[in-house]
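Q: Quick one: sequence and predicted model below, then my questions.
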Amino acid sequence: MRVSWFSIFMAIVSSSLMMLIIFFLRKRLNFINKFGVITLIIMLGFCSFRMVFLVEFPTHQYIIGDPYVLARILNPFLRDNFELSTKIMLYSWIIVLAILLIQLGISQSISRKRICSLKNTADEKIFDKLVEIDKENKLTVIRSYKVPMPMLAGIINPVILLPEIEYTDDEIDAVIRHEYTHWKNKDNILKFIVHVFWRVFWWNPIAYLYLINLSKFLELKCDREVTLEMTDTEKFDYLQSMLGIIRKTSSANKSQFGLITSCYVQEKNKFDINQRFNYVLSKGESKLSQSILKILVIVLMAVIACASYYFIIQPRYRTTDTDFGTNDNVYELDSSAGYIIKKGEVYLVVLPDGSSYELKDEESIKQMTDLGFTLIEEE
């Protein structure tokens, strides 16, 4: 098991394929209604595993040689400047990661100060609604004209932020319940972890799409949890409140605070809004059929993730005379060309002309002994 350029490339290809499958399924309203958003979140988990566990298993893999695209692209980096290219890639990853993490920390700190400076105009009706939902909660509600839309903001001490608009009783109930559910489910903590995740894997183009998909899944999950025990009439009231908030905040300044947030209705895409409405109103299949189908989909994604480790794509080059050189002291490596001598912990290959070189890894030693080289241990 090792990490190489090719295992990183395969991780990008495999995770991209898995993310495209998830993205395609997310756009299918029938799939969301039938399988639920939890299934998609679990599928995202497999995708993240494939992105993080970017290793290869040389003795258990089928190599696919590419003499055209990869060979031409990677030739200047791998054949001629392997060590230099590897160092540049490693240092580039570390430098960009450090910049992105510093930027994240600074933006969170500045935004927290901005929130603390807000003048709070929340009235008793808002606080009473929060107490009605949970008397023991430790949430703070801030209402201000500088807030563009309802949201839960922050990680350590999150607060509910509300824009300075007029609310009906149903709208206050819907907004507070929605943001309270985000807080209860620790969604902002999960989002923060994913924000760090995509910064670590900034070089993988799928990482940012991962964050976007997760945000949409959490909104769907939150809507379903809030409305799970509601009657059809109460669900319609909840959705009507959502439409009301959209209309009232449509002309607001959309400047963000920079904190990790879970917004109530930030999307303007009609499809996303329609999907949330559809998911709240859907009845779903029977529990038994749902369970069986969910297991099949999850197993399929697990199979794709595991199968991707079996294949490895590598460039294939045609060997030329210059690759072998013209030195007379070149020998065919077979059992008659020399022997291996062990001096303490050092293994040396001794050639017929008396020259020798050290074998520095166990895999090389095993390959040489498999070829028939005699192993002699010095006392």
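A: Looks like it arrived, so ask away. Numbers count the residues shown, from 1 in each chain.

Q: by contact count, what packs against the helix or strand where residue 303 lies?
A: Residue 303 is located in helix 287-307, with elements delineated by DSSP states H and E. If contacts are counted by 3 or more C-beta pairs under 8 Å, 6 or more residues apart in numbering; DSSP states H and E, helix 287-307 sits against helix 5-26, helix 29-35, helix 37-52. Quick note: C-beta positions are derived from backbone N, CA and C, even for glycine.

Q: among these, where is the model least confident on average?
A: Among the helices and strands packed on helix 287-307, helix 29-35 carries the lowest mean pLDDT, at a mean of 77.

Q: Can you check which helix is longest in the protein?
A: Ranked by residue count and defined by DSSP state H, the top helix of the chain is helix 82-116.

Q: can you pull out the strands in the protein?
A: For the chain, the strands defined by DSSP state E cover 62-66, 140-144, 151-153, 159-163, 261-263, 311-315, 339-343, 346-350, 356-359, 374-377.

Q: so can I have TSV of those showing distance to residue 53 and mean pLDDT?
A: Output for the strands of the chain, formatted as TSV (distance: least, C-beta to C-beta, whole Å; pLDDT from 0 to 100):
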stretch	distance to residue 53	mean pLDDT
strand 62-66	19	76
strand 140-144	40	89
strand 151-153	32	88
strand 159-163	37	89
strand 261-263	29	74
strand 311-315	14	75
strand 339-343	35	78
strand 346-350	32	80
strand 356-359	29	76
strand 374-377	35	78
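
Q: related to what we said a few turns ago, buried ones in the longest helix of the chain?
A: Of all the residues in helix 82-116, those buried under the rule 16 or more other C-beta atoms under 10 Å are 97, 100, 104, 108, 111-112, 115.

Q: how about the residues you listed, which pair is most distant?
A: The span of the buried residues of helix 82-116, defined through C-beta to C-beta, is set by 97 and 115 at 27.1 Å.

Q: returning to that earlier point: just how off-centre is the helix holding residue 303 within its chain?
A: Remark: helix 287-307 is offset 20 Å from the chain centroid, using C-alpha atoms, centre = their mean, to the nearest Å.

Q: cool, and stretch 136-151?
A: Computed by C-alpha atoms, centre = their mean, the chain-centroid distance of stretch 136-151 equals 29 Å.

Q: Output the helix holding residue 303 in PDB with nothing but the alpha carbons.
A: Taking Å, rounded to 0.1, in the frame of the first residue of the first chain, the C-alpha atoms of helix 287-307 are listed here in PDB:
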ATOM      1  CA  LYS A 287     -40.800   1.500   4.800                       C
ATOM      2  CA  LEU A 288     -39.900  -2.100   3.700                       C
ATOM      3  CA  SER A 289     -39.500  -1.200   0.100                       C
ATOM      4  CA  GLN A 290     -37.600   2.000   1.000                       C
ATOM      5  CA  SER A 291     -35.200   0.000   3.200                       C
ATOM      6  CA  ILE A 292     -34.400  -2.500   0.500                       C
ATOM      7  CA  LEU A 293     -33.900   0.100  -2.200                       C
ATOM      8  CA  LYS A 294     -31.700   2.200   0.100                       C
ATOM      9  CA  ILE A 295     -29.500  -0.800   0.900                       C
ATOM     10  CA  LEU A 296     -29.100  -1.600  -2.700                       C
ATOM     11  CA  VAL A 297     -28.100   1.900  -3.700                       C
ATOM     12  CA  ILE A 298     -25.600   2.200  -0.800                       C
ATOM     13  CA  VAL A 299     -24.100  -1.300  -1.600                       C
ATOM     14  CA  LEU A 300     -23.800  -0.200  -5.200                       C
ATOM     15  CA  MET A 301     -21.800   2.900  -4.200                       C
ATOM     16  CA  ALA A 302     -19.700   0.900  -1.800                       C
ATOM     17  CA  VAL A 303     -18.900  -1.600  -4.700                       C
ATOM     18  CA  ILE A 304     -17.900   1.300  -7.000                       C
ATOM     19  CA  ALA A 305     -15.600   2.800  -4.200                       C
ATOM     20  CA  CYS A 306     -13.900  -0.600  -3.500                       C
ATOM     21  CA  ALA A 307     -13.700  -1.600  -7.200                       C
END
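
Q: quick one: it to helix 5-26, angle?
A: Counting by axes from the mean of the first three to the mean of the last three C-alpha atoms, to 10 degrees, helix 287-307 lies at 160 degrees to helix 5-26.

Q: And the contacts of helix 287-307?
A: 14, 17-18, 21, 34-36, 38-39, 42-43, 46-47, 49-50, 284-285 (C-beta atoms under 8 Å, 6 or more residues apart in numbering).

Q: same question, stretch 233-244
A: 168, 170-171, 173-175, 226-227, 230, 264-265, 273, 276-277, 280-281.

Q: how about a cut-off of 10 Å?
A: 165-175, 177-178, 223, 226-228, 230-231, 264-265, 273, 276-277, 280-281 (C-beta atoms under 10 Å, 6 or more residues apart in numbering).

Q: Mind checking which of those residues are in helices?
A: For those, secondary structure assignment (DSSP H) places 169-175, 177-178, 223, 226-227, 273, 276-277, 280-281 in helices.

Q: Any chance of a ChimeraX selection covering the buried ones in those?
A: Selection of the buried residues among the ones in helices among the contacts of stretch 233-244 in ChimeraX, burial being defined by 16+ other C-beta under 10 Å:
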select :171,172,173,174,175,177,178,223,226,227,273,276,277,280
